[in-house]
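Asks: here is a sequence with its predicted model. Questions after.
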Amino acid sequence: MSEPGEWLIYRGAGEPHEGIEQLPPPPPWRDFAGRGASEPDEHGGDGSADRRLGGHRHLAELHRPGAEELEMINAALYLRRPLLVTGSPGAGKSTLAHSVAHELGLGRVLRWPIVSRSTLQDGLYHYDAIARLQDVQIAAHSAAAGVTGVESAESVGSYIRLGPLGTALLPSDRPRVLLIDELDKSDIDLPNDLLNVLEEGEFAIPELERITDRLPGGEAEVLDDDGNKVKVRGGRVQCRSFPFVVLTSNGERDFPAPLMRRCIHLELGRPDHQRLATFVRAHLGDEAARSGDDLIAHFLERSRSELLATDQLLNAIYLTDAAAPAGRDRLADLLIQRLDRPR
């Protein structure tokens with residue numbers, strides 16, 4: 001165990017030093033080194049599954065969902081309907097999507113994080129009209145100077161990139177997993193805007209529809225959310241296998257009845273001691289789960305009357321275990337602060 005102050009990297013002394021070299025490896029859920037979307041891991045993902053499910057998940061008896069949770073997930077799979085998952089922060093809503101993708105071998109989870117400015121267009125595709133205009137102007141100047149390379153209709157696809165929702169709806173034999181995260185953060189229109197796309201499993205790209213007759217075979221190549229070139233025929237994207245869509249919500253607002261009618265609804269309750277211990281074991285290993293058992297119990301006790309998130313518990317166990325400073329309980333309480341405290 002470190003002496004008080006020994007674990008501090010930044011010391012507030014005002015003197016430069018090489019203490020940053022002593023910084024230990026990051027927590028597994030904050031480790032961004034190693035791979036990008038174009039470098040899949042052994043499970044076909046991009047490393048985000050490790051951050052969600054835990055790098056030590058092979059050491060843990062991974063949580064087995066309850067009967068209702070399993071039934072609702074499988075109902076969404078069978079019925080090809082979106083799964084709307086509600087629950088408190090850190091209840092495992094987003095992890096559910098990664099767990100399904102991992103177990104069923106469905107590749108990287110396509111994630112669409114929702115903010116107040118998100119629109120349906122953001123999820124479907126982006127057309128870079130400014131870049132195309134610049135290239136047309138460059139081509140025109142080059143042509144005037146006697147340089148060949150005039151813009152053609154088929155090059156329009158070079159300026160289109162599908163978003164997470166658009167990529168999930170590409171025709172494929174196996175469904176992709178799409179996580180639409182924190183839908184309750186959206187403006188009032190987005191839930192209704194999603195209705196038609198989620199019902200029909202297709203959408204149009206007008207920029208390509210207009211020039212279909214000038215495209216070779218009526219097809220254009222565009223980039224998908226994975227960074228791969230894919231062909232779009234007739235200016236429309238139409239799925240063959242409806243994606244497994246997980247919509248998450250912290251329960252901060254109600255959704256319109258038409259959206260609820262099209263979804264399978266699953267509400268995740270507060271995790272118990274066993275589930276939290278498994279969660280810690282999957283991320284930090286068996287020893288951390290044993291040494292942090294008292295913090296888990298204290299977290300559960302507080303969560304009966306306070307709004308807390310499980311990632312706060314992970315932060316506390318990691319830091320008090322890695323740094324092992326004096327005043328362990330005090331540091332844990334500083335890291336696990338109630339999220340619903342008056343401001």
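Replies: Thanks, I have it. Residues are numbered from 1 along each chain as shown.
Asks: residues making contact with the strand or helix carrying residue 78?
Replies: Remark: residue 78 resides in helix 67-79, with elements defined by DSSP states H and E. Helix 67-79 is touched from outside by 65, 81-83, 96, 100, 244-245, 264-266, 268, with contacts defined as C-beta atoms under 8 Å, 6 or more residues apart in numbering. Backbone N, C-alpha and C define where each C-beta goes, glycine included.
Asks: ok, of these, which come out buried?
Replies: Among the contacts of helix 67-79, those buried by neighbour count (16 or more other C-beta atoms under 10 Å) are 65, 81-83, 96, 100, 244-245, 264, 266, 268.
Asks: for the residue nearest in space to the middle of the chain, give me its contacts.
Replies: With distances taken as C-alpha atoms, centre = their mean, the residue of the chain nearest its centroid is residue 111 (3.9 Å). Contact analysis of residue 111 by C-beta under 8 Å, 6+ apart lists 48, 164, 178-179, 181.
Asks: now for those: which two are most distant?
Replies: The span of those, defined through C-beta to C-beta, is set by 48 and 178 at 13.4 Å.
Asks: what's the neighbour count on residue 272?
Replies: Residues lying near residue 272 (other C-beta atoms under 10 Å) number 9.
Asks: list the contacts for it?
Replies: If a contact means C-beta under 8 Å, 6+ apart, then residue 272 has residue 300 as its contacts.
Asks: that one and residue 285, how far apart?
Replies: Computed with C-beta to C-beta, to the nearest Å, the distance linking residue 272 and residue 285 is 21 Å.
Asks: can you show me the strands along the protein?
Replies: Per DSSP state E, the chain carries strands over the ranges 83-86, 110-113, 125-127, 160-162, 177-181, 202-204, 219-223, 229-233, 236-238, 244-249, 264-267.
Asks: closest one to residue 258 among those strands?
Replies: strand 83-86 (12.7 Å).
Asks: my read: residue 184 touches residue 247, true?
Replies: No. Residue 184 lies out of contact with residue 247 (C-beta atoms under 8 Å); the separation is 9.4 Å.
Asks: what's the local residue count around residue 260?
Replies: By the criterion of other C-beta under 10 Å, residue 260 has 13 neighbours.
Asks: what about the residue nearest to it when sequence neighbours are not counted, neighbour count?
Replies: In space, and not counting its chain neighbours, residue 260 is closest to residue 84: 7.3 Å by C-beta to C-beta, 6 or more residues apart in numbering. Counted with other C-beta under 10 Å, the neighbours of residue 84 add up to 25.
Asks: shouldn't residue 84 be in contact with residue 249?
Replies: Yes. Assessed by C-beta under 8 Å, residue 84 is found in contact with residue 249 at 6.7 Å.
Asks: any common contacting residues for the two?
Replies: Joint contacts of residue 84 and residue 249 (C-beta under 8 Å, 6+ apart) are 183, 255.
Asks: check contacts around the closest residue to residue 27 other than its chain neighbours.
Replies: Closest residue to residue 27 apart from its sequence neighbours, by C-beta to C-beta, 6+ apart: residue 318 at 4.8 Å. Contacts for residue 318 were tallied using C-beta under 8 Å, 6+ apart; they are 27, 284, 288.
Asks: count of residues packed around residue 120?
Replies: 18.
Asks: quick one: it and residue 107, what's the gap?
Replies: 24 Å.
Asks: do the same with residue 8
Replies: Taking C-beta to C-beta as the measure, residue 8 falls 42 Å from residue 107.
Asks: the more surrounded of these two?
Replies: Shown here are residue 8 and residue 107; by other C-beta under 10 Å, residue 107 has more neighbours (20 against 14).
Asks: hmm, that one is touching residue 167, no?
Replies: No. Contact criterion C-beta under 8 Å: residue 107 and residue 167 do not qualify, at 10.8 Å.
Asks: quick check: neighbours shared by those two?
Replies: Residues within reach of residue 107 and of residue 167 at once, by C-beta under 8 Å, 6+ apart, are residue 176.
Asks: ok, the contacts of residue 318 vs residue 235, which is closest?
Replies: Of those, the one sitting nearest to residue 235 (C-beta to C-beta) turns out to be residue 27, at 45.1 Å.
Asks: just checking, that closest one touches residue 315?
Replies: Yes. Look at residue 27 against residue 315 with C-beta under 8 Å: they come within range, at 7.4 Å.
Asks: where along the stretch 101-250 of the chain do the helices fall?
Replies: Using DSSP state H, counting those that start in this stretch, the helices of the stretch 101-250 of the chain run over 120-124, 129-144, 164-168, 190-200, 206-209.
Asks: take those helices and write them to TSV, including distance to residue 14 and mean pLDDT.
Replies: Output for the helices of the stretch 101-250 of the chain, formatted as TSV (distance: least, C-beta to C-beta, whole Å; pLDDT from 0 to 100):
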stretch	distance to residue 14	mean pLDDT
helix 120-124	45	97
helix 129-144	47	73
helix 164-168	46	98
helix 190-200	49	95
helix 206-209	57	93
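Asks: which of these sits most buried?
Replies: helix 164-168 (a mean of 26; mean count of other C-beta atoms under 10 Å).
Asks: what is that helix packed up against?
Replies: Where contact means 3 or more C-beta pairs under 8 Å, 6 or more residues apart in numbering; DSSP states H and E, helix 164-168 is packed against strand 110-113, helix 120-124, strand 177-181.
Asks: who does the shortest one pair up with?
Replies: With DSSP bridges as the criterion, the sheet partners recorded for strand 110-113 are strand 177-181 (parallel).
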